[in-house]
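K.L.:
give me a model of this one.
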Amino acid sequence: MLKAKYHLSDQQVQEMDTKMERLAAAEGLEFHLTDAGVTGNTLDAHQILHLARERGTQDSVLERLYRAYFTEQRSVFDRDSLVPLAVEGGLDADEARDALERDAYVDAVNTDLNEARSLGISGVPFFVIAGRYGISGAQGTEVFAQALTRAQQDTVTASGPARS
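P.N.:
The predicted structure follows:
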């Protein structure tokens, strides 16, 4: 996918993956990208995340999906893999399976995709801060700090001076 999207050679993709693995390791994260080879459509994973958000378990489910894919090299692309992972993240198996079988969150996922496209987002990771500031790709902490500071300053400016 990276080769096609960014017109890269096999060697360039390998170098990118190796660099990401090293950067992750420097931060104490275990990523296995160079030998992964497990790819697919993430529509159902995003549906599970919408259900998890409604149940207050989005963070733990997302963390479980990331660990499964990036560390354990497991599929997050098929329903037979997703349901047990969702359960490990805190969701009910029957509810997760039912939501997937009914495609209960397809419209919500498509709304997310359309919003991303309207903002010019074409890749991940992409972070939107305060609905106004976008950060594309894996960036250093200073980029996030600047965006957070700017968003906070905008909030203070919009609400007027503090009163005592």
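K.L.:
grab the most central residue of this structure for me.
P.N.:
Central residue of the chain (Cα atoms, centre = their mean): Pro125, 6.2 Å from the mean position.
K.L.:
so Val13 sits against Ala4, correct?
P.N.:
No: counting by Cβ atoms under 8 Å, Val13 does not reach Ala4; the two are 10.2 Å apart. All C-beta spots, glycine's among them, are computed from the backbone N, C-alpha and C.
K.L.:
quick one, phi/psi of the closest residue to Thr71 other than its chain neighbours?
P.N.:
Take Thr71 and drop its neighbours on the chain: the residue closest to it by Cβ to Cβ, 6 or more residues apart in numbering is Glu30, 4.8 Å away. Backbone torsions for Glu30, taken as degrees, to the nearest 10, come to phi -100, psi 110.
K.L.:
same deal with Gly28?
P.N.:
Main-chain dihedrals, Gly28, degrees, to the nearest 10: phi 80, psi 20.
K.L.:
neighbours around it, how many?
P.N.:
When neighbours are counted by other Cβ atoms under 10 Å, Gly28 registers 6.
K.L.:
and the pLDDT at it?
P.N.:
The confidence metric pLDDT takes the value 90 at Gly28.
K.L.:
and the gap between Asn110 and Leu100?
P.N.:
Taking Cβ to Cβ, to the nearest Å as the measure, Asn110 falls 15 Å from Leu100.
K.L.:
again with Phe144
P.N.:
Taking Cβ to Cβ as the measure, Phe144 falls 33 Å from Leu100.
K.L.:
who's more crowded, these two?
P.N.:
Applying other Cβ under 10 Å to Phe144 and Leu100 shows that Leu100 carries more neighbours, namely 21 against 14.
K.L.:
roughly how far is the helix or strand hosting the more buried one from the heart of the chain?
P.N.:
Per DSSP states H and E: Leu100 is located in helix 93-101. Per Cα atoms, centre = their mean, to the nearest Å, the displacement of helix 93-101 from the mean C-alpha position of its chain is 21 Å.
K.L.:
picking that back up, I figured the residue nearest to the centre of the chain hits Gly134, correct?
P.N.:
No: the pair Pro125 / Gly134 is not scored as a contact, 11.0 Å apart, by Cβ under 8 Å.
K.L.:
can you give me the domain assignment for this structure?
P.N.:
For the chain, automatic domain parsing gives the domain ranges 2-121, 122-159.
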